[in-house]
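# Dropping a prediction and its sequence here:
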Amino acid sequence: MGNITLRNVSKVFGAHAVIPSIDLNINDGEFVVFVGPSGCGKSTLLRLIAGLEDVSDGEIVIDGKNATELPPAQRGLSMVFQSYALYPHMSVRSNIGFPLKMANEDKAVIDKKVADAARVLNLTDYLDRKPRQLSGGQRQRVAIGRAIVRQPKAFLFDEPLSNLDAALRVNMRLEISQLHQDLKTTMVYVTHDQVEAMTMADKIVVLNRGRIEQVGSPLDLYHKPDNLFVAGFIGSPR
Ligand code: ADP
Ligand code: MG
């Protein structure tokens, strides 16, 4: 399961209502992309879902259970950070297994889960290397591996490809889409890149100044934008 519902969720920093009030449903297995210009509140919204920020008001429900007050580790979600969040002194194996080690899992369980994740991510031959001995794409895959071993209800990605070069970005985009097809786990993916949104999403949430302008499939947004902001941002002809 990986159903996430936001009810009336708001976030205020000081005097600034960064997110005035959002209602949103993310269905189990869906690939949902939050897209919008820099500063519109994408990361804040993702961090609220992850529990890395507390909501100012409203409710976050995960698989029917009120998760608003739960600490991040108890929400069953895995955040995928940019690849530079890897531990440089640790092997790929230890980096991927790190969350399990922290959770005091048995070594045999850790080895098995790390091996499974490495297979899915084509990292089997690289488990003994250090991050600096990997390409940018391989490093990003290690960061994803660290999320996979926790078998989360949903993966949360915050612009995971923004520090990769253009060619590699296209590649990783395809790899993450493939991973979603293989795992069928809910993915919530933040980007300011319309092309990423249009090519990866089942459902796009267009954000502007902390508000939802429109929610729909890529085709819906392209052919039936609700307003000029969406049309302009998605690049449709209206
Ligand atoms: P995005 O990810 O879409 O670029 P953010 O969610 O990072 O946008 O930021 C949305 C707004 O909230 C910005 O105006 C930003 O300055 C503000 N903001 C984000 N985090 C904080 C914080 N911890 N304290 C104060 N303001 C913040
Ligand atoms: Mg951001």
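All right, it came through fine. These numbers were taken from a predicted model, which means no experiment stands behind them. Numbers count the residues shown, from 1 in each chain. Ligands and ions are numbered 1, 2, ... in the order given.
# Surely residue 72 is in contact with residue 50?
Yes - with contact defined as CB atoms under 8 Å, residue 72 reaches residue 50; the gap is 5.6 Å. Quick note: C-beta positions are derived from backbone N, CA and C, even for glycine.
# Which of the two has more residues huddled nearby?
When residue 72 and residue 50 are compared for neighbours, residue 50 comes out ahead with 18 against 15, by other CB atoms under 10 Å.
# Enumerate every residue touching the more buried one.
72, 75, 77, 79, 156 (CB atoms under 8 Å, 6 or more residues apart in numbering).
# That one and residue 153: what is the separation?
12 Å (CB to CB, to the nearest Å).
# just to revisit the earlier point, just the buried ones among the contacts of residue 50, please.
75, 77, 79, 156 (16 or more other CB atoms under 10 Å).
# Now, those that are in strands?
In this view, the buried ones among the contacts of residue 50 that belong to strands under DSSP state E are 77, 79, 156.
# which among the residues you listed gets closest to ligand 1?
residue 156 (12.6 Å; CB to the nearest ligand atom).
# per-residue pLDDT, that closest one?
You'll see residue 156 listed with a pLDDT of 97.
# Return the item of the buried ones among the contacts of residue 50 having minimum pLDDT.
residue 79 (93).
# How about the contacts made by that one?
46, 50, 52, 72, 147, 155-158.
# Please list the residues of the chain that sit near ligand 1.
13, 18, 36, 38-44 (CB under 6 Å from any ligand atom).
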